[in-house]
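Enquirer: what's the 3D shape of this:
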Amino acid sequence: MIPQNTMKNQENQRNCVSVGAGAGQIKPFIKKTAKEPLNWNLIFELWECDKREAQYVALEYLQKHRKQLVPKDIDNLKTLIVKKSWWETVDTIDAFVGDIVMMDKALKRQGILLRIWYKRIK
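Expert: Next up, the predicted model:
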C-alpha cells in the first residue's frame, strides 16, 4: 500500500509533468475547467510544481475563475505570493486582490489592500 503523502506527491508530479507536455494541452484544459467551481487544491498543486510554467497555468486558471473570487480567497492568494513570487505573478495576483477589494465595501473601508500588500513594493 502506498502511503497517502506519496500518492498525493505522485499525483502532483503527474500534474506537473502534464503541464510540461506543451502549451497545446493547456488552453483546452483552461477552457474545459472554466465553468467548474474554483478549485484551490488544483491551484496549490500547480504552484508547488518545479516548473515555472505551472504557476503560469495556475494564474490562467485563476483568470478564468476571476469572477468567482471572494474575500475569503485573499488568504489563499497571499499564500501564493509568499510561496513563490516573481514580479509577473505578484502583479497578476495583486490585480485579483484589487478586484476582490473593489467589490467589497467593508474591505475598502478597512484598507485591507494596503495592509496586506504594502510590503510587495519594498
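Enquirer: please identify the buried residues of stretch 50-58?
Expert: 53-58 (16 or more other Cβ atoms under 10 Å). In short, each C-beta sits where N, CA and C put it, glycine included.
Enquirer: stretch 33-43 too?
Expert: Buried residues in stretch 33-43 (16+ other Cβ under 10 Å): 38, 43.
Enquirer: for that stretch, output the C-alpha coordinates as PDB.
Expert: The C-alpha coordinates for stretch 33-43 follow below in PDB (Å, rounded to 0.1, in the frame of the first residue of the first chain):
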ATOM      1  CA  THR A  33     -12.500  23.900 -16.400                       C
ATOM      2  CA  ALA A  34     -13.800  27.500 -16.900                       C
ATOM      3  CA  LYS A  35     -17.400  26.600 -15.900                       C
ATOM      4  CA  GLU A  36     -16.400  24.400 -12.900                       C
ATOM      5  CA  PRO A  37     -16.200  25.800  -9.400                       C
ATOM      6  CA  LEU A  38     -12.900  27.300  -8.400                       C
ATOM      7  CA  ASN A  39     -10.500  24.500  -7.200                       C
ATOM      8  CA  TRP A  40      -7.900  25.800  -4.800                       C
ATOM      9  CA  ASN A  41      -6.400  22.300  -4.400                       C
ATOM     10  CA  LEU A  42      -5.500  22.300  -8.100                       C
ATOM     11  CA  ILE A  43      -4.100  25.800  -7.900                       C
END
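Enquirer: three-state assignment of Glu36?
Expert: Assigned state for Glu36: coil (three-state reduction, DSSP: H, G, I helix; E, B strand; the rest coil).
Enquirer: and Ile30, how far from Asp75?
Expert: Plainly put, Ile30 is 24 Å away from Asp75 if you go by Cβ to Cβ, to the nearest Å.
Enquirer: need the buried residues of stretch 50-58 in CSV with pLDDT and secondary structure, can you?
Expert: Shown next, in CSV, are the buried residues of stretch 50-58 (pLDDT from 0 to 100; DSSP: H, G, I helix; E, B strand; the rest coil):
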residue, pLDDT, secondary structure
Glu53, 87, helix
Ala54, 89, helix
Gln55, 91, helix
Tyr56, 91, helix
Val57, 92, helix
Ala58, 94, helix
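Enquirer: please consider this matter closed, and thank you.
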